[in-house]
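Asks: Kindly return the folded structure for what I paste below:
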Amino acid sequence: MTDDELLAHLPEIAAVASQVEERLNAWVGTARQRRISWARIGAALGMTRQSAWERFQSPPPTTARG
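Replies: As a prediction, the model looks like this:
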């Protein structure tokens, strides 16, 4: 594979990674709606409870400033 061929694949791979991340966030969101603990979610993903919470917690709502 040439450098140009390799570089041509990068946007495709980035798009797939983005789709996977979106789906993972949706599944974790569903697990949280079912009140599955961060400890169990973390264990399922091979990470600590704290790491799972830090990665997947919903960001705080933003307020408009004017």
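Asks: quick one: the residue most central in space within the chain and Q33, what's the gap?
Replies: Of all residues in the chain, the one closest to the mean position by CA atoms, centre = their mean is E21, 4.1 Å from it. Between E21 and Q33 the computed distance is 19 Å (CB to CB, to the nearest Å). In short, each C-beta sits where N, CA and C put it, glycine included.
Asks: do A39 as well
Replies: Where Q33 is concerned, A39 sits at a distance of 17 Å (CB to CB).
Asks: May I have stretch 35-47 exported as PDB, CA atoms only?
Replies: Extracted C-alpha coordinates of stretch 35-47, given in PDB (Å, rounded to 0.1, in the frame of the first residue of the first chain):
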ATOM      1  CA  ARG A  35     -30.100   1.900  36.500                       C
ATOM      2  CA  ILE A  36     -27.300  -0.400  35.800                       C
ATOM      3  CA  SER A  37     -24.400   0.700  38.000                       C
ATOM      4  CA  TRP A  38     -21.200   2.400  36.700                       C
ATOM      5  CA  ALA A  39     -19.300  -0.500  38.300                       C
ATOM      6  CA  ARG A  40     -21.100  -3.100  36.100                       C
ATOM      7  CA  ILE A  41     -20.800  -0.900  33.000                       C
ATOM      8  CA  GLY A  42     -17.100  -0.400  33.600                       C
ATOM      9  CA  ALA A  43     -16.600  -4.100  34.200                       C
ATOM     10  CA  ALA A  44     -18.300  -5.000  31.000                       C
ATOM     11  CA  LEU A  45     -16.000  -2.600  29.200                       C
ATOM     12  CA  GLY A  46     -12.800  -3.700  31.000                       C
ATOM     13  CA  MET A  47     -12.400  -0.400  32.900                       C
END
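Asks: Perfect, that will be all.
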